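S.K.: Turn this into a structure:
(one chain, ligands or ions: 1)
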Amino acid sequence: MAARRLACSLLSRSGAACAPSLSRSVFGGDRIHGSASGVLRGFSTATAIEEPIQPPVQVNHTQLLINGQFVDSASGRTFPTLDPRTGELIAHVAEGDVEDVNRAVVAARKAFDEGPWPKMTGYQRSCILYRFADLIEKHNDEIAALETWDNGKPYEQAAKAEIPTLARLMRYYAGWADKIHGLIVPADSPHHVQVLHEPIGVAGQIIPWNFPLLMFAWKVGPALACGNTIVLKTAEQTPLSALLVSKLFHEAGLPDGVLNVISGFGPTAGAALASHMDVDKLAFTGSTDTGKIVLELAARSNLKPVTLELGGKSPIIIMDDADIDQAVEVAHFALFFNQGQCCCAGSRTFVHERVYDEFVEKAKARALKRVVGDPFRKGVEQGPQIDEEQFSKILHYIKSGVDSGATLVTGGDRIGSKGYYIQPTVFSDVEDKMKIAKEEIFGPVQTILKFKDVNEVIQRANTTRYGLAAGVFTHNLNTANTFMRALRAGTVWINCYDVFDAAIPFGGYKMSGNGREKGIDSLKNYLQVKAVVTPLKNPAWL
Ligand SMILES: NC(=O)c1ccc[n+]([C@@H]2O[C@H](COP(=O)([O-])OP(=O)(O)OC[C@H]3O[C@@H](n4cnc5c(N)ncnc54)[C@H](O)[C@@H]3O)[C@@H](O)[C@H]2O)c1
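M.R.: The predicted structure is shown next:
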């Protein structure tokens with residue numbers, strides 16, 4: 001019921017009606033307002049000394065998951081995973097390397113070539129996915145607590161939106177498992193032509209830290225529904241939750257070797273997976289620079305097909321006829337959600353000159369109300385950034401914004417002296433040529449730019465190497481239609497933002513990647529197409 005209320009709240013924020021269905025905006029937290037005084041509840045912007053809340057969960061799985069068993073790394077090495085609230089140790093985790101990736105690929109290969117998984121009926125596979133979704137629901141709070149501890153995202157966001165969405169995505173792909181089929185196509189001659197859709201084999205999957213379990217679901221769901229086996233490498237910042245849910249997958253009946261999980265670093269474990277000769281397909285989410293590396297590794301090894309979900313610098317365009325209060329709220333959500341660590345964050349807010357000053361004032365007021373604090377505390381909207389590296393990078397971008405002449409409207413500094421908390425920050429008078437308008441900041445920094453007319457803003461919005469997403473706020477249908485076709489982005493949200501759904505494809509134009517995840521499109525990533533041609537003797541018809 002709570003999740004249902006949340007879904008309604010998210011949908012109403014994003015401009016859609018609260019329909020009596022399971023439809024849900026994936027990337028959302030509850031609508032929470034801070035104190036009217038402008039002082040941040042949880043932390044004050046100045047001091048921020050708050051005793052961290054003890055997470056209500058234990059870390060039980062820190063080893064690699066290979067062939068259905070938790071095992072140490074071949075080298076015996078471990079690495080620390082840290083609490084972003086304090087920078088202190090959560091646990092030591094087995095550090096997978098080339099040899100571990102080899103072991104995992106051997107297990108996945110065997111499970112594909114000899115194991116029961118690809119030979120099961122689609123219905124049998126779907127039953128396991130459904131059982132897994134049920135177990136996710138049963139362990140929702142424990143999984144959410146682990147995700148929050150390792151990542152720093154608000155617990156309410158994890159527990160009420162992300163973990164339920166993991167279950168929803170699994171049920172969506174469970175629904176596909178027994179509906180994947182090929183075609184019989186007509187030929188110009190007496191031949192029986194079948195087009196078979198086969199599983200592709202061993203899938204290598206590399207995921208980032210910003211949505212550890214949603215990225216897990218986007219990749220694992222379609223790959224398993226199609227009958228493939230998997231070696232998945234988690235991000236080194238967030239190794240814990242995938243180990244827990246993968247154990248639940250085995251409890252649901254997943255055969256050994258079908259899903260192998262390697263914790264470890266990119267240049268070692270990740271590169272070994274991308275360049276492995278016995279991996280048949282690679283799916284990657286992360287930065288554009290790393291995307292180029294894995295594409296090259298795949299090409300230099302066995303030319304495995306690669307899907308890439310990379311960075312973005314997504315425009316949100318506010319026309320002068322928009323509902324300004326709604327646009328302010330949604331643009332705020334589009335940027336600050338998940339501590340600003342979203343590949344599709346609305347990170348260039350273009351506002352029409354006639355409503356610009358009003359918008360900037362209201363965006364400032366909303367940022368000041370944002371509740372920053374311990375992500376386990378009820379009502380907190382924003383937790384710490386993921387780690388020291390991202391934290392420093394964001395503060396550098398803020399300095400660069402000030403140095404290049406943008407107006408710092410609010411924020412601009414860290415909060416407290418411990419952990420990786422950053423003030424919700426808003427810049428106005430941002431110009432296209434500034435670094436903060438061109439590069440992905442991946443933090444809680446909103447940049448507001450002014451424009452005069454539709455053609456000008458289309459041209460400016462498209463002047464980027466990225467093309468992941470865009471948002472448009474207008475009440476004029478013709479204007480909306482113009483934008484939706486002109487913007488070069490994989491998703492265009494009209495009068496809403498971050499409305500995700502299992503069935504909606506997601507992916508990028510240009511250097512935001514190639515291929516699509518979620519929806520029916522994702523199945524194509526994990527299927528081979530085989531044409532089988534047989535002569536027909538005396539056919540009754542052709
Ligand atoms: N599109 C997204 O969803 C997304 C997610 C996270 C980060 N990012 C972007 O990436 C930037 C840096 O973040 P990051 O360091 O986590 O991203 P990253 O690209 O370095 O890491 C993503 C994944 O790739 C792996 N990886 C890193 N180097 C590799 C290599 N040489 N070979 C194979 N795998 C490798 C990592 O271990 C991780 O699992 C962020 O600031 C942001 O701009 C985008």
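
S.K.: hey, let's count contacts and neighbours off CA atoms from now on
M.R.: OK.

S.K.: Flag every residue of the stretch 301-450 of the chain that's near the ligand.
M.R.: E309, L310, G311, C343, E440, F442 (Cα under 6 Å from any ligand atom).

S.K.: ok, now with 8 Å
M.R.: On the criterion Cα under 8 Å from any ligand atom, the ligand has as its neighbours in the stretch 301-450 of the chain the residues E309, L310, G311, G312, Q341, C342, C343, C344, Q390, E440, I441, F442.

S.K.: Tell me the secondary structure at L213.
M.R.: Applying DSSP: H, G, I helix; E, B strand; the rest coil to L213 yields a three-state assignment of helix.

S.K.: wait, it sits on L166?
M.R.: Yes: counting by Cα atoms under 8 Å, L166 is a contact partner of L213 at 6.9 Å.

S.K.: Excluding covalently adjacent residues, which one is nearest to the residue of the stretch 1-150 of the chain found nearest the ligand?
M.R.: For the stretch 1-150 of the chain, the residue positioned closest to the ligand under Cα to the nearest ligand atom is G96, at a distance of 11.0 Å. Excluding the flanking residues, the one nearest G96 by Cα to Cα, 6 or more residues apart in numbering is G264, at 4.8 Å.

S.K.: And that neighbour, how close does it get to the ligand?
M.R.: Using Cα to the nearest ligand atom, to the nearest Å, G264 is found at 7 Å from the ligand.

S.K.: Then I436?
M.R.: Separation of I436 from the ligand (Cα to the nearest ligand atom): 13 Å.

S.K.: and the gap between that residue and K138?
M.R.: Taking Cα to Cα, to the nearest Å as the measure, I436 falls 43 Å from K138.

S.K.: more neighbours, the two?
M.R.: More neighbours sit around I436 than around the other of I436 and K138, counting by other Cα atoms under 10 Å; the figures are 28 against 11.

S.K.: got a list of what the more buried one touches?
M.R.: By Cα atoms under 8 Å, 6 or more residues apart in numbering, the residues touching I436 are Y397, I398, S400, G401, V430, T447.

S.K.: Tell me the buried residues within these.
M.R.: Y397, I398, G401, V430, T447 (16 or more other Cα atoms under 10 Å).

S.K.: Closest one of the residues you listed to the ligand?
M.R.: Within the buried ones among the contacts of I436, the smallest distance to the ligand is 11.4 Å, found for Y397 (Cα to the nearest ligand atom).

S.K.: Remind me which helix or strand A108 belongs to.
M.R.: Mapping A108 onto the secondary structure by DSSP states H and E places it in helix 98-113.

S.K.: Report the distance from that helix to the chain centre.
M.R.: The gap between where helix 98-113 is centred and where its chain is centred comes out at 26 Å by Cα atoms, centre = their mean, to the nearest Å.

S.K.: From the contact counts, what lies against that helix?
M.R.: Helices and strands touching helix 98-113, as assessed by 3 or more Cα pairs under 8 Å, 6 or more residues apart in numbering; DSSP states H and E, comprise strand 64-66, strand 202-206, strand 229-233, strand 259-262, helix 271-274.

S.K.: TSV please, covering those and showing distance to the ligand and mean pLDDT.
M.R.: Shown next, in TSV, are the helices and strands packed on helix 98-113 (distance: least, Cα to the nearest ligand atom, whole Å; pLDDT from 0 to 100):
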stretch	distance to the ligand	mean pLDDT
strand 64-66	15	98
strand 202-206	5	99
strand 229-233	6	99
strand 259-262	10	99
helix 271-274	4	98
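
S.K.: can I get the ones you listed in JSON lines with mean neighbour count and distance to F350?
M.R.: As requested, these are arranged in JSON lines below (neighbours: other Cα atoms under 10 Å; distance: least, Cα to Cα, whole Å):
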{"stretch": "strand 64-66", "mean neighbour count": "27", "distance to F350": "46"}
{"stretch": "strand 202-206", "mean neighbour count": "28", "distance to F350": "33"}
{"stretch": "strand 229-233", "mean neighbour count": "30", "distance to F350": "37"}
{"stretch": "strand 259-262", "mean neighbour count": "28", "distance to F350": "41"}
{"stretch": "helix 271-274", "mean neighbour count": "25", "distance to F350": "38"}
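
S.K.: Dump these into a markdown table; add distance to T288 as well.
M.R.: Formatted as a markdown table, these follow (distance: least, Cα to Cα, whole Å):
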| stretch | distance to T288 |
| --- | --- |
| strand 64-66 | 27 |
| strand 202-206 | 13 |
| strand 229-233 | 18 |
| strand 259-262 | 22 |
| helix 271-274 | 15 |
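
S.K.: circling back to that earlier point, now, which of the buried ones among the contacts of I436 lie within helices?
M.R.: Using DSSP state H, the members of the buried ones among the contacts of I436 that fall in helices are Y397, I398, G401.

S.K.: which residues does the last one contact?
M.R.: If a contact means Cα under 8 Å, 6+ apart, then G401 has T407, L408, F427, M434, K435, I436 as its contacts.

S.K.: Name every strand pairing with whichever helix or strand the third one is part of and say which way it goes.
M.R.: Yep, that's F427 we're talking about. Per DSSP H and E: F427 is located in strand 425-428. Within its sheet, strand 425-428 is paired with strand 407-410 (antiparallel), strand 445-451 (parallel), according to DSSP bridges.

S.K.: Enumerate every residue touching the residue in the stretch 101-250 of the chain that the ligand sits nearest to.
M.R.: Among all residues of the stretch 101-250 of the chain, A235 sits closest to the ligand, at 3.5 Å; criterion: Cα to the nearest ligand atom. Under the criterion of Cα under 8 Å, 6+ apart, the neighbours of A235 are I206, I207, P208, W209, P212, S263, G264, F265, G266.

S.K.: now do 7 Å
M.R.: I207, P208, W209 (Cα atoms under 7 Å, 6 or more residues apart in numbering).

S.K.: from those residues, which are also near the ligand?
M.R.: Restricting the contacts of A235 to those near the ligand - Cα under 8 Å from any ligand atom - leaves I207, P208, W209.

S.K.: Which entries within the residues you listed meet the buried criterion?
M.R.: Neighbour counting by 16+ other Cα under 10 Å classes I207, P208, W209 among those as buried.

S.K.: Reformat those as JSON lines; add pLDDT and distance to D150.
M.R.: As requested, these are exported to JSON lines (pLDDT from 0 to 100; distance: Cα to Cα, whole Å):
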{"residue": "I207", "pLDDT": "98", "distance to D150": "15"}
{"residue": "P208", "pLDDT": "98", "distance to D150": "13"}
{"residue": "W209", "pLDDT": "98", "distance to D150": "9"}
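
S.K.: Save the residues you listed as CSV, and put in distance to F337 too.
M.R.: Compiled in CSV, these are given as follows (distance: Cα to Cα, whole Å):
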residue, distance to F337
I207, 19
P208, 17
W209, 15
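
S.K.: Of the contacts of G401, grab the buried ones for PyMOL.
M.R.: The following PyMOL command selects only the buried members of the contacts of G401, with burial defined by 16+ other Cα under 10 Å:
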select buried, resi 407+408+427+435+436
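
S.K.: neighbouring contacts of stretch 463-473?
M.R.: In this structure, residues lying in contact with stretch 463-473 by Cα under 7 Å, 6+ apart are 312-319, 322, 327, 344, 488-495, 497, 507-512.
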